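Student: Below are the sequence and a predicted model for it; my questions follow.
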Amino acid sequence: MRRQVLSILVENESGVLSHISGLFSRRGYNIDSISAGVTADPRFTRITIVTSGDELLLEQIKKQVAKLEDVIDVKILHNSSSVVYELMLVKIAAERKSSRTPMVSFKELVDSFNGKIVNQNRDCFVVRIVGNTDKLDDFIAMLDDYEILELARTGLTGLSRGVEDVLFID
């Protein structure tokens, strides 16, 4: 089974996201993550969907999505030719669960992942981490000595590198 990231350019109209997610639901396709946002041109929205399956299934998903009326363009974002990131906010209790192993300070840990403490009080920290899925998973794994109170992830979003496949619409 292989993971595939689809970048879908659609008309910025109500119900488009519902049509796309409905296609996945009706056909029994799985959505691992989904994110959507308006582009620089407010007429259009870019939806990024991460899905998985064998080669035949992934090709079928791309074809079915491309057939939808409001879909303008569908691209597969490959790791080597794309920039793909995810945002994670994690609320962590300020007090460590244990001190069984020596550990760098919490701030040093966050800094080592190029993260940022965006809010803190005496009870907890809220940390922002941006990166690929593995980086975010690695950060979570480093929090063994801390209690994660809440966690929110955006899902992947991305763009292809270069200008070769940029779609210009009048």
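Tutor: Noted; the coordinates are in hand.
Student: Please list all residues in contact with the residue most central in space within the chain.
Tutor: Nearest to the mean C-alpha position of the chain, counting by C-alpha atoms, centre = their mean, stands L156 at 1.8 Å. Taking C-beta atoms under 8 Å, 6 or more residues apart in numbering as the criterion, L156 is in contact with V5, S33, S35, T48, V50, V84, Y85, E86, T133. Using the backbone N, CA and C atoms, a C-beta is placed for each residue, glycine as well.
Student: Filter these down to the ones in helices?
Tutor: Judged by DSSP state H, the contacts of L156 include T133 as members of helices.
Student: could you dump the contacts of L156 to JSON lines with pLDDT and neighbour count?
Tutor: JSON lines is the format used below for the contacts of L156 (pLDDT from 0 to 100; neighbours: other C-beta atoms under 10 Å):
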{"residue": "V5", "pLDDT": "96", "neighbour count": "20"}
{"residue": "S33", "pLDDT": "94", "neighbour count": "16"}
{"residue": "S35", "pLDDT": "95", "neighbour count": "17"}
{"residue": "T48", "pLDDT": "97", "neighbour count": "23"}
{"residue": "V50", "pLDDT": "96", "neighbour count": "22"}
{"residue": "V84", "pLDDT": "94", "neighbour count": "19"}
{"residue": "Y85", "pLDDT": "95", "neighbour count": "15"}
{"residue": "E86", "pLDDT": "96", "neighbour count": "21"}
{"residue": "T133", "pLDDT": "92", "neighbour count": "18"}
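Student: Just the element for L17, please.
Tutor: Using DSSP states H and E, L17 maps to helix 16-27.
Student: which residues touch that helix?
Tutor: 8, 10, 29-31, 34, 36, 45, 47, 49, 51, 61, 64-65, 68-71.
Student: Next, the buried residues of it.
Tutor: V16, L17, I20, S21, L23, F24 (16 or more other C-beta atoms under 10 Å).
Student: Stretch 76-95 now?
Tutor: The neighbour-count check on stretch 76-95 (16+ other C-beta under 10 Å) flags L77, S82, V84, E86, L87, M88, V90, K91, I92 as buried.
Student: Quick check: of those, which lies closest to F113?
Tutor: For those, the residue nearest F113 by C-beta to C-beta is M88; the value is 10.0 Å.
Student: who touches that closest one in this structure?
Tutor: R128, I129, V130, L136, F139, L151, A152, R153, T154.
Student: If we use 6 Å, what do you get?
Tutor: I129, L136, R153 (C-beta atoms under 6 Å, 6 or more residues apart in numbering).
Student: isn't there a strand covering it?
Tutor: Yes: the assignment for M88 is a strand, going by DSSP: H, G, I helix; E, B strand; the rest coil.
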